[in-house]
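Visitor: everything below, folded, please.
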Amino acid sequence: MFYNFIKRLMDITGSMVGLILFAPLLIAVATAIKLNSKGPVMADTPMRVGKNGKLFKMFKFRSMVIGAQDLLEKNPELLKEYKKNSYKLHNDPRVTGVGRFLRKFSIDEFPQFFNIFVGEMSLVGPRAYYPFELEEQQKKYPKSRDFVKIILSSKPGLTGVWQVSGRSKINFDKRVEMDAQYVQRRSVLYDIYLIAKTIPAVLFGRGAI
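Guide: Sure thing, here's the model as predicted:
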């Protein structure tokens, strides 16, 4: 299919340009993370669900303290808030000082250029969901099941419709509906449009937590 060929070409070109262009920034961020808190530069996060339900490791800069997942699971109140807010926490106490800055401007997401280059992700696509997130949220929102099926027919993206339309302020049910609509509507011009809209969203930190 012509669209898939062009999309993959855009992904390879865009990820290579991104990695080369942001190389100095990536090095500076890695250094800042090491100086700010103990632990590895990259986040040790759970696997994500990719195209056709295939699990993959998504690369992200570490923006939280070591053992963040364990801290969450051992704190009932925090865990409850986490699930209630569609797997996001406002004023997350686990986030480091450097991490808060990285997350506000989505710099922690930049290592995903590696995922894009190897074909696990695309520059534009649906959100990369956690397996347990899909399982639990589909029980909470039964009508979302059809949307999820559509979403999993496509690669997740570094950016997408929901990211430029409020990002973390959008709940799961609305988010998967928007992602599914993207998959059904996607085109080269639409992808370029969403990439263009991503730039100001990132620069001004809109909707990030």
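
Visitor: thought Ser63 was touching Ser106?
Guide: No. Counting by C-beta atoms under 8 Å, Ser106 is not a contact partner of Ser63; they are 10.5 Å apart. From N, CA and C alone the C-beta is placed, and that goes for glycine too.

Visitor: what about these two, which has more around it?
Guide: Ser63 (24 against 19; other C-beta atoms under 10 Å).

Visitor: pLDDT wise, what is that one at?
Guide: Model confidence at Ser63, given as pLDDT, is 93.

Visitor: go on, Pro93?
Guide: 84.

Visitor: please report phi then psi for it.
Guide: With angles defined as degrees, to the nearest 10, Pro93 sits at phi -70, psi -10.

Visitor: what's the burial count for it?
Guide: 12.

Visitor: name the nearest residue to it, ignoring sequence neighbours.
Guide: Distances taken as C-beta to C-beta, 6 or more residues apart in numbering put Leu78 closest to Pro93, at 7.6 Å, once the chain neighbours are dropped.

Visitor: before we move on, what about Lys140?
Guide: Nearest non-adjacent residue to Lys140 (C-beta to C-beta, 6+ apart): Phe172, at 7.5 Å.

Visitor: wait, that neighbour sits on Gln137?
Guide: Yes. Contact criterion C-beta under 8 Å: Phe172 and Gln137 qualify, at 4.4 Å.

Visitor: who's more crowded, these two?
Guide: More neighbours surround Phe172 than the other of Phe172 and Gln137, with 24 against 21 (other C-beta under 10 Å).

Visitor: in this structure, which helix or strand is least confident?
Guide: For the chain, using mean pLDDT, DSSP states H and E, the weakest element among its helices and strands is helix 76-84, scoring a mean of 76.

Visitor: in that helix, which residues are buried?
Guide: Leu78, Glu81, Tyr82, Lys83 (16 or more other C-beta atoms under 10 Å).

Visitor: and if you look at stretch 109-127?
Guide: Buried, per 16+ other C-beta under 10 Å, within stretch 109-127: 109-113, 115-117, 120-127.

Visitor: just those residues now: which is nearest Val95?
Guide: Glu109 (14.5 Å; C-beta to C-beta).

Visitor: so how far is Ile150 from the closest one?
Guide: Note on Glu109: its distance to Ile150, by C-beta to C-beta, to the nearest Å, is 23 Å.

Visitor: need the three-state assignment for Lys88.
Guide: The three-state assignment at Lys88 reads coil, by DSSP: H, G, I helix; E, B strand; the rest coil.

Visitor: now do the SS call for Lys38.
Guide: Assignment for Lys38 (three-state DSSP): coil.

Visitor: leaving out the residues flanking it, which one is nearest to it?
Guide: Ile66 (6.2 Å).

Visitor: how much space between that neighbour and Asn115?
Guide: Applying C-beta to C-beta, the value for Ile66 to Asn115 is 23 Å.

Visitor: what ranges does this structure have for its helices?
Guide: 2-21, 23-36, 68-73, 76-84, 97-104, 112-117, 131-140, 145-151, 172-185, 188-203 (DSSP state H).

Visitor: which one of these lies nearest to Val49?
Guide: That would be helix 131-140 among the helices of the chain, by C-beta to C-beta, at 5.6 Å.

Visitor: starting at the chain centroid, how far to the closest one?
Guide: 17 Å (C-alpha atoms, centre = their mean, to the nearest Å).

Visitor: okay then, goodbye and thanks.
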